[in-house]
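[1] Fold the following for me, if possible:
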Amino acid sequence: MEHKIQWAKAVKPVQEEIVLDEAAVKIAIKVIKKFEGCELRAYPDPASELSIELSKHGLLRKYMDGKFELPDYLQKLSGAPWSLGYGETQGVKQGDVWTLEEATSRLEARVRGFMQGVLKAAPKLSKASPTRVAAVTSLAYNIGLEAFAKSTCCKKIGTDEHVAAAEALLLFNKAGGRVLPGLIARRKVEKDLYMSVEITQEAVPC
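    Model prediction:
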């Protein structure tokens with residue numbers, strides 16, 4: 001479970017118009033799965049009042065497993081944005097439950113939508129390596145397409161400043177105003193993927 005940066009919840013799926021590199025899709029899915037993890041019951045955002053209160057009392061895991069019912073005083077606390085499956089936030093509400101098949105299907109569809117959006121925001125990526133496209137798609141899935149389109153990373157891609165673009169990936173290491181170790185680790189993997197010119201065992205995280 002990883003914090004989903006707030007912008008991502010407002011992103012709508014992008015209609016698939018550009019022919020996608022299936023290698024890039026597979027790598028992006030692998031990276032996102034590694035860092036998002038999979039939860040089949042809707043869970044509150046880690047930076048939300050509800051998640052913080054549950055964590056304080058060691059009850060978050062029990063709640064996420066459906067083994068703890070919220071008392072009245074906790075029901076008044078916000079858990080938004082709620083997440084489900086592999087970090088999905090769109091259309092997710094408290095109490096939702098998916099099967100693993102639903103979570104996987106939703107992830108695959110959303111990754112394709114995000115990759116479409118990334119390629120539209122940064123057209124020069126259409127000629128980039130699968131690892132580079134996958135790295136940027138993973139970033140956009142986490143922060144949202146709108147945020148990516150406005151980012152220094154996107155601008156540097158547009159001017160072919162790829163070392164600077166890779167370094168700019170590292171800027172997105174905060175959520176709720178706090179630097180998070182999980183985001184630092186994710187951004188490092190994305191940076192390494194971005195600078196990798198070919199698919200190797202070392203380039204793609206297990």
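
[2] In this protein, which helix is the longest?
    As assigned by DSSP state H, the longest helix anywhere in the chain is helix 100-121.

[3] Between helix 100-121 and the next helix or strand after it, find me the angle.
    Following helix 100-121 in sequence order, the next helix or strand is helix 130-143 (DSSP states H and E). Going by axes from the mean of the first three to the mean of the last three Cα atoms, to 10 degrees, helix 130-143 is angled at 110 degrees with respect to helix 100-121.

[4] And the residue nearest the centre of the chain?
    Note on the chain: the residue nearest the mean C-alpha position is residue 142, at 2.8 Å, using Cα atoms, centre = their mean.

[5] Can you pull out the low-pLDDT segments for the chain?
    1-16, 197-206 (pLDDT under 70).

[6] what ranges do the helices span in it?
    22-36, 49-56, 60-64, 72-75, 100-121, 130-143, 145-149, 152-158, 162-169, 181-195.

[7] contact partners of the longest helix of the chain?
    Helix 100-121 is contacted from outside by 11, 13-18, 20, 24-25, 28-29, 32-33, 38, 40, 84-86, 88, 90, 98, 125-126, 133, 136-137, 140-141, 145, 148-149, 154, using Cβ atoms under 8 Å, 6 or more residues apart in numbering. In this view, the C-beta of every residue, glycine as well, is placed from N, C-alpha and C.
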